[in-house]
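Visitor: Return a 3D structure for these sequence lines:
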Amino acid sequence: MDFRVAARTVAETIFVAAAQDPDRVAFRHKTGDQWLEVTTGQAAETVRALAAGLLAAGVQPGDRVALLADTRVEWTYANLAVIATGAILVPIYPTSSVEDCTWVLTDSGASLVICDTERQHTKVTEAGATNVVTIEPFDGSPRTLADLIETGKSTMDSAELAARLDSITPADLAVIIYTSGTTGPPKGCMLNHQNWLTLVEINDTLSYVTGDDVVYLFLPLAHVFAQLEQFACLGCGATLVYFGGDVKRVVAELAEVRPTFLPSVPRIFEKLYTAITGQLDAGTLETAVRVGLEHRRLQRLGVPVPAELAAAFEQLEPLYAKVRAAFGGRVRQALSGAAPIASEVLQFFFAAGVPVLEGYGMTETTGLGTVSTLEHHKLGSVGRGAPGVEVRLADDGEILARGPHLFGGYWRNDAATAEIIDADGWLHTGDLGTMDVDGYVTITGRKKDILITAVGKNIAPANFENELRQSRWISYAVMFGDRRPYPVALITLDEDEIRGWAKDRGLPADLPGLAAHPDVRALVGEVLDKVNARHSHAEQIKRFAILPRDLSIEHNELTPSMKVKRNVVLANHTDLVGSLYA
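Guide: This is a model prediction of the structure:
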């Protein structure tokens with residue numbers, strides 16, 4: 001269905017959408033066991049009232065308003081209302097520590113904080129916030145979002161709100177997203193209205209998310225990837241469905257929501273892959289992938305499918321249907337981003353009829369960069385430069401980007417901005433890659449993450465780590481070896497998978513006990529042997545250790561977007577890594 005919101009700024013998108021079709025379902029969210037629908041007209045009314053409430057609360061153009069909440073419909077209401085007043089939204093990850101909150105609130109100079117729960121309220125007040133609004137009421141809670149909305153309804157000055165909206169220009173700041181940062185304190189990426197409008201325009205050009213789509217979102221809206229999807233949905237009229245708040249119920253909710261478009265990080269796809277393929281023998285898996293890929297390739301080309309291949313495909317259809325059902329049965333396209341994903345996982349889902357495409361971007365590029373489409377993709381590649389986006393490789397293989405999607409620099413940090421954007425306007429991503437003759441980019445590692453062993457061998461650890469994580473038994477793998485004689489790895493166990501395996505063998509159920517058990521070590525060793533066999537001897541991981549717990553945000557080993565902080569993992573386990581060289 002052709003539905004495009006031609007707004008001058010992203011602050012106007014919900015109002016323009018409502019004017020075009022007020023009965024269109026914009027959002028769905030869960031209350032108890034019920035999925036409730038919100039039309040564009042209802043959403044626009046709520047956002048307008050909340051914006052008026054913010055005006056009454058004294059929010060001025062250019063003020064920074066922090067938002068600390070899980071992915072929920074109120075997040076979007078607050079987002080749109082804040083930028084409608086001409087203020088600047090500053091998202092904070094729900095998993096952020098008090099120290100993280102203190103840094104973001106202080107560095108941004110936020111004058112108001114909106115948070116969702118009593119726990120988050122406690123966190124931001126400990127971080128020094130005094131002007132706080134909560135989404136959920138509790139004993140002793142300050143003003144709530146509902147209070148602001150009611151105030152806005154009773155005091156709304158339509159002329160003032162209209163004047164605020166009219167005064168906003170595409171070049172004005174809309175959002176400051178603090179990078180999760182694997183090293184050093186987070187930096188605030190300044191994204192303006194034009195940055196977000198650019199992604200909406202690109203989405204329209206590619207017909208990526210369409211007005212007919214139902215998009216299920218569980219990713220943290222503090223992350224640029226989730227906000228990209230939010231604004232894409234608003235721009236094309238798709239229905240955005242917010243998960244119920246429990247990540248353990250994501251798979252169950254997929255069956256309830258039955259999305260047609262699914263943006264996700266690789267871990268969800270990896271979990272489903274290991275759960276399904278763990279029940280298959282190697283021969284069946286190989287056949288299912290080979291037959292499914294070839295059958296669908298011929299269909300896409302409009303070429304007749306040979307009878308023998310068609311029969312084999314029909315015999316495997318119950319397996320393929322089971323895979324599609326795990327995603328709700330209607331996914332026409334899924335998008336994996338924020339981290340690398342193995343080609344084996346992509347091939348399996350493509351074969352089954354769930355095309356999982358990869359894209360590439362970063363906060364500094366408004367989440368945009370390269371894209372893959374159903375018509376134009378190569379498995380294992382993150383795609384080609386998006387329309388209107390320039391992508392090229394530097395002499396050392398670093399990926400460079402230029403275009404209207406680039407951020408306006410780091411908040412109050414000109415030195416860091418100058419380090420990442422050169423005089424010709426090219427942003428230096430810090431990621432290394434290759435580009436084939438057709439322009440398809442493949443990520444090979446991080447420029448600062450290359451290990452150089454004592455014998456001078458350059459190794460991209462991401463390749464090994466990603467391959468190891470394809471095992472159903474492994475949650476994370478972190479490789480070390482810089483200036484050392486050989487590479488080693490720290491490995492964590494996938495708690496859900498390993499406990500089931502251990503129970504069948506009468507082994508201890510506790511993770512520390514399993515991590516130390518020789519049978520588990522042998523199991524992980526077999527996985528490592530298979531991965532090592534794909535690489536040269538000088539690159540192979542020679543020794544490994546299994547940690548008694550998984551990596552975590554609480555131990556500062558993962559960013560809020562679940563990227564590994566290699567230096568922190570090393571600092572937390574220095575003695576253990578050292579013992580692997582004893």
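Visitor: Which parts of the chain belong to which domain?
Guide: As recorded under automatic domain parsing, the domains making up the chain are 10-264, 266-445, 450-579.
Visitor: Which one, of those domains, ends up nearest to Arg4?
Guide: Among the domains of the chain, domain 10-264 comes nearest to Arg4, with 5.6 Å by C-beta to C-beta. No exception for glycine: its C-beta is placed from N, CA and C like everyone else's.
Visitor: Lys30: what's it in contact with?
Guide: Shown in contact with Lys30 (C-beta atoms under 8 Å, 6 or more residues apart in numbering): 36, 242-245, 253.
Visitor: make it 10 Å
Guide: Neighbouring residues of Lys30 by C-beta atoms under 10 Å, 6 or more residues apart in numbering: 36, 72-73, 241-246, 249, 253, 256-257.
Visitor: try Val16
Guide: Contacts of Val16 by C-beta under 10 Å, 6+ apart are 4-8, 40, 44, 234-235.
Visitor: if we can go back for a sec, save the domains of the chain as a markdown table, and put in mean pLDDT too.
Guide: Listed next are the domains of the chain as a markdown table, based on pLDDT from 0 to 100:
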| stretch | mean pLDDT |
| --- | --- |
| domain 10-264 | 94 |
| domain 266-445 | 92 |
| domain 450-579 | 87 |
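Visitor: Packed most tightly, which of the ones you listed would that be?
Guide: Mean neighbour count (mean count of other C-beta atoms under 10 Å) peaks for domain 10-264 among the domains of the chain, with a mean of 20.
Visitor: where does Ile474 fall, phi/psi-wise?
Guide: Backbone torsions for Ile474, taken as degrees, to the nearest 10, come to phi -110, psi 130.
Visitor: Against Arg119, how distant is it?
Guide: With distances taken as C-beta to C-beta, to the nearest Å, Ile474 is found 31 Å from Arg119.
Visitor: got TSV for the contacts of Val16, with distance to Phe327 and secondary structure too?
Guide: Output for those, formatted as TSV (distance: C-beta to C-beta, whole Å; DSSP: H, G, I helix; E, B strand; the rest coil):
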residue	distance to Phe327	secondary structure
Arg4	27	coil
Val5	28	coil
Ala6	32	coil
Ala7	32	coil
Arg8	37	coil
Thr40	27	helix
Ala44	31	helix
Leu234	24	helix
Gly235	24	helix
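Visitor: Rebuild those residues as a markdown table, extending it with distance to Phe464.
Guide: Below are the contacts of Val16 laid out as a markdown table (distance: C-beta to C-beta, whole Å):
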| residue | distance to Phe464 |
| --- | --- |
| Arg4 | 44 |
| Val5 | 44 |
| Ala6 | 47 |
| Ala7 | 45 |
| Arg8 | 48 |
| Thr40 | 47 |
| Ala44 | 50 |
| Leu234 | 40 |
| Gly235 | 39 |
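Visitor: Just the closest of these to Gly86, please.
Guide: Among the contacts of Val16, Arg8 lies closest to Gly86 (C-beta to C-beta), at 13.5 Å.
Visitor: For that closest one, give its distance to Ile421.
Guide: Distance, Arg8 to Ile421, using C-beta to C-beta: 26 Å.
Visitor: likewise Tyr216?
Guide: 35 Å.
Visitor: for Glu364, same thing?
Guide: In terms of C-beta to C-beta, Glu364 sits 8 Å off from Ile421.
Visitor: Quickly list what's touching both of these two.
Guide: With C-beta under 10 Å, 6+ apart, Glu364 and Ile421 have common neighbours 401, 406-410, 427-428.
Visitor: can you map out the helices along the stretch 251-400 of the chain?
Guide: Using DSSP state H, counting those that start in this stretch, the helices of the stretch 251-400 of the chain run over 266-277, 282-301, 307-326, 343-352.
Visitor: of all those, which lies closest to Ser579?
Guide: helix 266-277 (29.0 Å).
Visitor: hey, C-alpha coordinates of the closest one in PDB?
Guide: The C-alpha coordinates for helix 266-277 follow below in PDB (Å, rounded to 0.1, in the frame of the first residue of the first chain):
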ATOM      1  CA  PRO A 266      22.300 -11.600  15.400                       C
ATOM      2  CA  ARG A 267      21.800 -13.300  18.700                       C
ATOM      3  CA  ILE A 268      18.100 -14.000  18.200                       C
ATOM      4  CA  PHE A 269      18.800 -15.500  14.800                       C
ATOM      5  CA  GLU A 270      21.600 -17.500  16.200                       C
ATOM      6  CA  LYS A 271      19.500 -18.800  19.100                       C
ATOM      7  CA  LEU A 272      16.700 -19.900  16.700                       C
ATOM      8  CA  TYR A 273      19.300 -21.500  14.400                       C
ATOM      9  CA  THR A 274      20.900 -23.500  17.100                       C
ATOM     10  CA  ALA A 275      17.600 -24.600  18.500                       C
ATOM     11  CA  ILE A 276      16.300 -25.900  15.200                       C
ATOM     12  CA  THR A 277      19.500 -27.200  13.600                       C
END
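Visitor: which residues sit in contact with the closest residue to Leu316 other than its chain neighbours?
Guide: Excluding its sequence neighbours, the residue lying closest to Leu316 (C-beta to C-beta, 6 or more residues apart in numbering) is Ala288, at 5.3 Å. Taking C-beta under 10 Å, 6+ apart, we find Ala288 in contact with 276-277, 280, 312-313, 315-316, 319-320, 323, 347-348, 351-352.
Visitor: let's see 7 Å
Guide: Taking C-beta atoms under 7 Å, 6 or more residues apart in numbering, we find Ala288 in contact with 316, 319, 351.
Visitor: and Ile149, what does it touch?
Guide: The neighbourhood of Ile149, defined by C-beta under 7 Å, 6+ apart, consists of 46, 49-50, 53.
Visitor: so how far is the host helix or strand of it off the chain centroid?
Guide: According to DSSP states H and E, Ile149 maps onto helix 145-155. Per C-alpha atoms, centre = their mean, to the nearest Å, the displacement of helix 145-155 from the mean C-alpha position of its chain is 33 Å.
Visitor: by how many degrees do the next helix or strand after that helix and helix 145-155 diverge?
Guide: Next helix or strand after helix 145-155 toward the C-terminus (DSSP H and E): helix 158-167. Interaxial angle of helix 158-167 relative to helix 145-155 (axes from the mean of the first three to the mean of the last three C-alpha atoms, to 10 degrees): 110 degrees.
Visitor: what packs against the lengthiest strand in the chain?
Guide: Longest strand in the chain by number of residues (criterion: DSSP state E): strand 427-435. Applying 3 or more C-beta pairs under 7 Å, 6 or more residues apart in numbering; DSSP states H and E, one finds that strand 427-435 contacts strand 398-402, strand 441-446.
Visitor: can you tell which of these is closest to Cys189?
Guide: Nearest of these (C-beta to C-beta): strand 398-402, 13.7 Å.
Visitor: how about that closest one as CSV, C-alpha atoms only?
Guide: Extracted in CSV, the C-alpha atoms of strand 398-402 (Å, rounded to 0.1, in the frame of the first residue of the first chain):
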residue,chain,number,x,y,z
GLU,A,398,39.1,1.1,6.3
ILE,A,399,35.5,1.7,5.3
LEU,A,400,34.8,5.4,4.6
ALA,A,401,31.3,7.0,4.2
ARG,A,402,30.0,10.4,3.0
